[in-house]
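[1] I'll drop the sequence and a predicted model, then ask my questions.
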Amino acid sequence: MATDTVPQPPYSTELLADLHAGNMPDHLSRRLWPQVRRDPDAMRYLHALDRVNTDLHALGRDERIIHPMPLEVTARLDHLIDDLAAATASDQNERTATVHRIHPDRAPAATAPMPALSAFDTGQLSAADIEGSGFDNHEFDTDSSEFDAGSEFDDTVREPATWSGPLRWITAAAAAIAVIAGTLVAVDAVRSREATPVAAPAPIELSTELPPTDVLTAMGRNDVTGPLATREALSGCLTAAGLDRAILGSRNVTFAGQAAVLVLLTGPQAPQITAVVVDTACGPSDPRLLARADIG
């Protein structure tokens with residue numbers, strides 16, 4: 001009788017992201033967690049995902065942020081969630097993506113510390129489990145105020161709910177960063193629909209400080225016009241500038257009073273994102289990098 005095999009190190013970032021989100025079969029998750037906890041590289045990646053989730057939730061509650069997310073970005077994220085939910089419901093045999101919605105008031109951190117006794121685990125994490133892993137024991141202290149061993153951990157699978165507001169885009173942004181950290185996965189959830197021609201959006205005025213609120217409007221887009229409109233031309237420009245990375249999005253902008261192109265790339269370290277602004281005349285033999293910033 002065939003038996004399921006448990007993945008062995010080194011673990012892929014896609015597998016770790018699914019495990020972190022509780023998106024794996026129960027029997028495999030129970031066997032995988034103890035092994036992952038003993039792998040320093042895997043733990044570093046899981047802690048990075050936790051920090052992203054924590055930072056995003058903190059930003060959503062920070063009253064000092066005076067610039068709300070642009071309505072255009074909110075609408076795009078809402079549309080993405082709705083399309084993915086519709087695609088999953090209509091075709092169970094072809095899995096395009098999974099979006100996890102966790103209520104911020106009852107969502108336990110998966111790795112800081114990870115739930116020691118849940119449907120995804122087999123027992124308490126001992127000091128031997130993390131010996132030599134490069135992490136301090138206090139990171140897994142189950143007596144800390146961040147974790148209550150007697151608290152209820154809800155593993156119930158529920159039907160997707162229709163949510164709106166900040167929680168929707170916070171969850172979508174965290175899920176997107178988790179995928180970007182490992183590999184760029186192109187998802188065409190509406191490939192059966194006939195594309196409707198739309199006018200190219202007007203370039204935004206981008207500050208020289210590259211504020212994340214404006215920069216992230218390029219995520220998932222590819223509506224550049226002019227000399228850098230093709231992926232080959234844009235890739236040639238970026239390679240000449242020493243930025244041969246996966247492109248996450250691009251759009252036309254006005255930067256320091258001149259026409260330019262904003263491009264989002266995978267960052268130097270997961271789960272960072274690198275934002276660059278290049279001149280429209282940038283090319284393989286003439287890199288014209290105007291600005292650069294790492295986000296995350």
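    Perfect, I can see it now. Numbering: from 1, shown residues only.
[2] what residue ranges in the stretch 1-150 of the chain score low on pLDDT?
    1-4, 60, 62-68, 87-150 (pLDDT under 70).
[3] Spit out the contact partners of the residue lying closest to residue 73 once chain neighbours are set aside.
    Leaving aside its sequence neighbours, residue 73 sits nearest to residue 217 (CB to CB, 6 or more residues apart in numbering; 5.4 Å). For every residue, glycine as well, the C-beta is placed using N, CA and C. Contacts for residue 217 (CB atoms under 8 Å, 6 or more residues apart in numbering) come out as 70, 72-73, 204, 251.
[4] I'd like the next helix or strand past the helix ranked longest in the chain.
    Longest helix of the chain, by residue count under DSSP state H: helix 40-61. Counting by DSSP states H and E, the next helix or strand C-terminal to helix 40-61 is helix 71-90.
[5] elements contacting that next one?
    Other helices and strands packing on helix 71-90, by 3 or more CB pairs under 8 Å, 6 or more residues apart in numbering; DSSP states H and E, are helix 166-182.
[6] Give the partner strands of the next helix or strand after the helix it packs on in its sheet and their orientations.
    Using DSSP H and E, the helix or strand that follows helix 166-182 in sequence is strand 204-206. Sheet pairing of strand 204-206 (DSSP bridges) gives strand 247-255 (parallel).
[7] Show me how the record splits this structure into domains.
    13-182, 204-295 (automatic domain parsing).
[8] so how far is residue 237 from the closest residue to residue 216 other than its chain neighbours?
    Closest residue to residue 216 apart from its sequence neighbours, by CB to CB, 6+ apart: residue 73 at 6.6 Å. Distance, residue 73 to residue 237, using CB to CB, to the nearest Å: 25 Å.
[9] what about the two, which has more around it?
    Higher neighbour count among residue 73 and residue 237: residue 237, with 27 against 18, using other CB atoms under 10 Å.
[10] which ones are touching the more buried one?
    Contacts of residue 237 (CB under 8 Å, 6+ apart): 228, 278, 282-284, 287-288.
[11] Which secondary structure element is home to it?
    helix 231-240.
[12] I'd like to check the angle between that helix and strand 247-255, please.
    Here helix 231-240 points in a direction 80 degrees away from that of strand 247-255 (axes from the mean of the first three to the mean of the last three CA atoms, to 10 degrees).
[13] Tell me the buried residues in helix 231-240?
    233-238, 240 (16 or more other CB atoms under 10 Å).
[14] Can you add distance to residue 82 and pLDDT and give those back as CSV?
    Formatted as CSV, those follow (distance: CB to CB, whole Å; pLDDT from 0 to 100):
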residue, distance to residue 82, pLDDT
233, 33, 93
234, 29, 94
235, 31, 92
236, 36, 93
237, 34, 95
238, 32, 94
240, 39, 92
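[15] so can I have CSV of these showing distance to residue 49?
    Formatted as CSV, the buried residues of helix 231-240 follow (distance: CB to CB, whole Å):
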residue, distance to residue 49
233, 34
234, 29
235, 28
236, 33
237, 31
238, 26
240, 33
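[16] Closest one to residue 25 out of those residues, please.
    Checking these against residue 25 by CB to CB gives residue 235 as the nearest, at 38.2 Å.
[17] From residue 217, how far off is the closest one?
    Using CB to CB, residue 235 is found at 21 Å from residue 217.
[18] Kindly report the same for residue 10.
    Relative to residue 217, and taking CB to CB, residue 10 is found at 35 Å.
[19] One more: residue 263?
    Counting by CB to CB, the gap from residue 263 to residue 217 is 12 Å.
[20] cool, and residue 59?
    Applying CB to CB to residue 59 and residue 217 gives a distance of 16 Å.
[21] for residue 29, same thing?
    According to CB to CB, residue 29 and residue 217 sit 36 Å apart.
[22] Low-confidence stretches in the stretch 151-296 of the chain?
    Using pLDDT under 70, the flagged stretches of the stretch 151-296 of the chain are 151-201.
[23] again, only using 50
    By pLDDT under 50, the low-scoring segments of the stretch 151-296 of the chain are 151-164, 179-195.
[24] Could you verify that residue 9 is part of a strand?
    No: checked against DSSP: H, G, I helix; E, B strand; the rest coil, residue 9 lies outside a strand; its state is coil.
[25] Now it: closest residue in space that isn't a chain neighbour?
    residue 39 (5.1 Å).
[26] and residue 278, what does it touch?
    When contacts are counted by CB under 8 Å, 6+ apart, residue 278 touches 228, 237-238, 241, 260-261, 263, 287-290.
[27] If you could redo that for residue 289, that was the one I meant.
    Neighbouring residues of residue 289 by CB under 8 Å, 6+ apart: 241, 276-278, 282.
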